[in-house]
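**Q** Sequence and predicted model, in that order:
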There are 4 protein chains.
Amino acid sequence: MIVIDYKDRRPIYEQIVERFQELILKGVLEADSQLPSVRNLAMDLSINPNTIQKAYTELERQGYTYSVKGKGSFVAVTDRLVQRKKEEVLDAASQLAKLAREYGVGKEQLINAILDGFKEEHND
Amino acid sequence: MIVIDYKDRRPIYEQIVERFQELILKGVLEADSQLPSVRNLAMDLSINPNTIQKAYTELERQGYTYSVKGKGSFVAVTDRLVQRKKEEVLDAASQLAKLAREYGVGKEQLINAILDGFKEEHND
Amino acid sequence: MIVIDYKDRRPIYEQIVERFQELILKGVLEADSQLPSVRNLAMDLSINPNTIQKAYTELERQGYTYSVKGKGSFVAVTDRLVQRKKEEVLDAASQLAKLAREYGVGKEQLINAILDGFKEEHND
Amino acid sequence: MIVIDYKDRRPIYEQIVERFQELILKGVLEADSQLPSVRNLAMDLSINPNTIQKAYTELERQGYTYSVKGKGSFVAVTDRLVQRKKEEVLDAASQLAKLAREYGVGKEQLINAILDGFKEEHND
DNA sequence: GTGGTCTAGACCACG
DNA sequence: GTGGTCTAGACCACC
C-alpha cells in the first residue's frame, strides 16, 4: 500500500503523507477506518517509528486523520478535503495556462494535451 | 532583475537558476549576451559569491549558458531549450488532466480554468 | 447523559469527569443521588470499566462524590464546590483581563464581549 | 528569556512555542530579528536539539517565524497574528460569560473581576 | 555555522 | 497494544 522511493529527494515522511492523502482522497481508505499502527508500519517499511509518527502528525494537522491515544489513527471525514483538492487542481490548471502563454505554447496544443490526459487509461 | 525571497523555502542558488532560466527562455537575455559577473551579482544581492557560482555552474550544466575562462558566462542558443520547455508544459498539462480525472474534476471545469489562465493579464 | 467524543484529544476519563462535574454543579444530579454503576456506564458507553473507574476515583478525589463500599458512588454536598467554581470563574476573568490589556484589547471591547456572552441563549 | 517548567504537564516543546508566541506578539522580539539557533538554545536549556527543532517547526507552521536553511530562524511580520490573538481573547471572554451565567455568577461580579484585572499592575 | 531529516532506543499516559 | 514525547547522536544541504 505504501512504497518508499529512496531515490526521491523528498523526505520519507513527506512521501508517506502524500501517499495517504491520495488513498484517503480517492476513497481507498474509508472514513473512520484505522490506519496501520505507527510501529507496524515502521516495521513493514523498515524505517524508524519516529518517521511514521511525523507523517501521522502531519496528516492529522492537515485534517486528513484524527488520532486517539491508546487506540490508533483514523481517517477523518473528507468531503471538505476533496473539495479543497479539486480547487487546487483548477488553480494549478490556471497557473499552467499562464505559463504556457508566456512560453508561447498554443492554446490548442495545450487543450489537446489536456484532452489526451483525460482520455488515457490509468493503471495504478 | 534578480530578486531573492528569503522567505522562500527553496535554496537561494535555485531561485537564481530559475530566474535566469525564465529571463533566457522569454528572450529577455539574448543569445551570447553576457551574464553579470559572479562578484558583481554577489555584491548586488549581498550574498556569498559561492552561491552565485553554484547557480552559474548549474545553468551551464543544463545548457542555458556557456562560460569562457577569464571572460565570463554567456547565454547559449536557446531554440532547443525553448522547445524542451514547451514539451515540459504539455507533459505537465497531460499529467494534470489525469489527476483531475482521478479526483473527479469535470473536463469542462478543467478546460474553463485553462481558458481563464490564458485570458488573464499577467503583471510580473 | 454522557457522550464521549472520540475526536476530542483529551482522554476519555477526563471527558467523563468534566461532564459529571458539570451535571453536579448545575444541580442536574442532586446531592446523595447515585451515579450509574461502573459496569453499567461502561457497557452503556462501550468502553473499558477501568476508564470509568478512573473517572470516578478522580471525582471522589476532587470532592464531587463519595463512595460506599458495595453500594456505589453518590453525589456529595456541593455548596462548597459551587462556591469554589464561582471563584475559579472570577479568577479566570481577572486573568483574561490582564491578558487583554497586554495584547492591547480595549476595555470596552472586552466588556462588550462579556455582555454578549451573557445575553446569548445557550442550547446545550 | 525562556524558562522551562518541568512540573508543567505540557510537553517542553509546547512551553517553548507558547513562550516565543508571547515574546513575538508583545513585540519583545521584533520582525526579522533572529531567534537563538537550535543548538544554542538546546545547550542553554540543557535539552535535546530535536525538542527545540520541533518547537521551531511549530512556530513556523503557525506563521510566527520563518526559517532559512543555513541562516537561522527569524521573526515574521505579526500584524495578522496580533489581530488573531485579539479575536481569541474576545471569544474567550464571551465563552467565559456564558459559563459564568450557567454557574450563577452575577454579571456585576464578573465585570468587577474584569475591571480588577485591567487595573492591576503586572510585573512580568 | 545554520535548519532539516533520520535512526535507535526509551518512557509516559491511555485503554 | 496504542499514540506522543524526549534523548542521544548522526548525516545532509546550504551559506
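**A** Yep, that arrived.
**Q** Could you tell me the model confidence score at residue A:70?
**A** Predicted confidence (pLDDT) for residue A:70: 86.
**Q** Figure out the helix or strand that it lives in.
**A** Assigned by DSSP states H and E, residue A:70 falls within no helix or strand.
**Q** ok, it - how many residues close by?
**A** Residues within reach of residue A:70, counting by other CB atoms under 10 Å in any protein chain shown, total 9. (Each C-beta comes from the backbone N, C-alpha and C, glycine too.)
**Q** can you tell me how far it sits from residue C:6?
**A** 11 Å (CB to CB, to the nearest Å).
**Q** for residue A:116, same thing?
**A** Using CB to CB, residue A:116 is found at 46 Å from residue C:6.
**Q** do residue A:47 as well
**A** For residue A:47 relative to residue C:6 (CB to CB), the value is 28 Å.
**Q** what about those two, which has more around it?
**A** Between residue A:47 and residue C:6, counted using other CB under 10 Å, residue A:47 has the larger neighbour count: 16 against 12.
**Q** which residues touch the closest residue in space to that one that isn't next to it in sequence?
**A** With CB to CB, 6 or more residues apart in numbering or on different chains as the criterion, residue A:47 has its nearest non-adjacent residue at 6.2 Å, and that residue is residue A:12. For residue A:12, the contacting residues are A:4, A:47, A:51, A:55, by CB atoms under 8 Å, 6 or more residues apart in numbering or on different chains.
**Q** Quickly find the element holding the first one.
**A** Using DSSP H and E, no element contains residue A:4; it sits outside every helix and strand.
**Q** what pLDDT does it get?
**A** 94.
**Q** The third one now?
**A** With respect to pLDDT, residue A:51 scores 96.
**Q** pLDDT at residue A:35, what is it?
**A** On the pLDDT scale, residue A:35 gets 97.
**Q** how many neighbours does residue A:52 have?
**A** Residue A:52 has 26 nearby residues by other CB under 10 Å.
**Q** surely it meets residue A:16?
**A** Yes - Residue A:52 is within contact range of residue A:16, at 6.8 Å (criterion: CB atoms under 8 Å).
**Q** Let me see the contact set for residue A:113.
**A** For residue A:113, counting by CB under 8 Å, 6+ apart, the contacting residues are B:90, B:91, B:93, B:94, B:97.
**Q** name the element the fourth one belongs to?
**A** When you say that, I think you mean residue B:94. helix B:79-102.
**Q** angle of that helix against helix A:79-102?
**A** 160 degrees (axes from the mean of the first three to the mean of the last three CA atoms, to 10 degrees).
**Q** show me where pLDDT drops low in chain A?
**A** Along chain A, the parts satisfying pLDDT under 70 run over A:120-124.
**Q** For it, which residue gets nearest to chain D?
**A** residue A:61 (7.6 Å; CB to the nearest CB).
**Q** Chain neighbours aside, what residue packs nearest to that residue?
**A** Residue A:61 sits nearest to residue D:61 (CB to CB, 6+ apart), 7.6 Å away.
**Q** So what's the residue count around the one you found?
**A** Per other CB under 10 Å, the neighbour tally for residue D:61 reads 12.
**Q** Same check on residue A:1?
**A** Around residue A:1 there are 10 residues (other CB under 10 Å).
**Q** Correct me if wrong: it contacts residue A:23.
**A** Yes - at 7.1 Å, residue A:1 counts as touching residue A:23 under the criterion of CB under 8 Å.
**Q** and the helix or strand that residue A:57 is a member of with DNA strand E, contact?
**A** Counting by DSSP H and E, the element that carries residue A:57 is helix A:49-61. Yes - using CB under 7 Å from any atom of the strand, we find that helix A:49-61 touches DNA strand E at A:49, A:50, A:51, A:54.
**Q** Show me how chain A divides into domains.
**A** A:12-77, A:80-119 (automatic domain parsing).
**Q** Can I get the ones you listed in JSON lines including distance to residue D:29?
**A** JSON lines is the format used below for those (distance: least, CB to CB, whole Å):
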{"stretch": "domain A:12-77", "distance to residue D:29": "24"}
{"stretch": "domain A:80-119", "distance to residue D:29": "33"}
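**Q** and the residue nearest to residue A:47, what are its phi and psi?
**A** phi -60, psi -50 (degrees, to the nearest 10).
**Q** coming back round to it: got the buried residues for the helix holding residue A:57?
**A** Buried residues in helix A:49-61, counting neighbours by 16 or more other CB atoms under 10 Å in any protein chain shown, are found at A:51, A:52, A:53, A:54, A:55, A:56, A:57, A:58, A:59, A:60.
**Q** wait, what's in contact with residue A:27?
**A** Contacts of residue A:27 (CB under 8 Å, 6+ apart): residue A:78.
**Q** for residue A:73, same thing?
**A** A:34, A:35, A:37, A:38, A:56, A:59, A:60, A:65, A:66, A:67.
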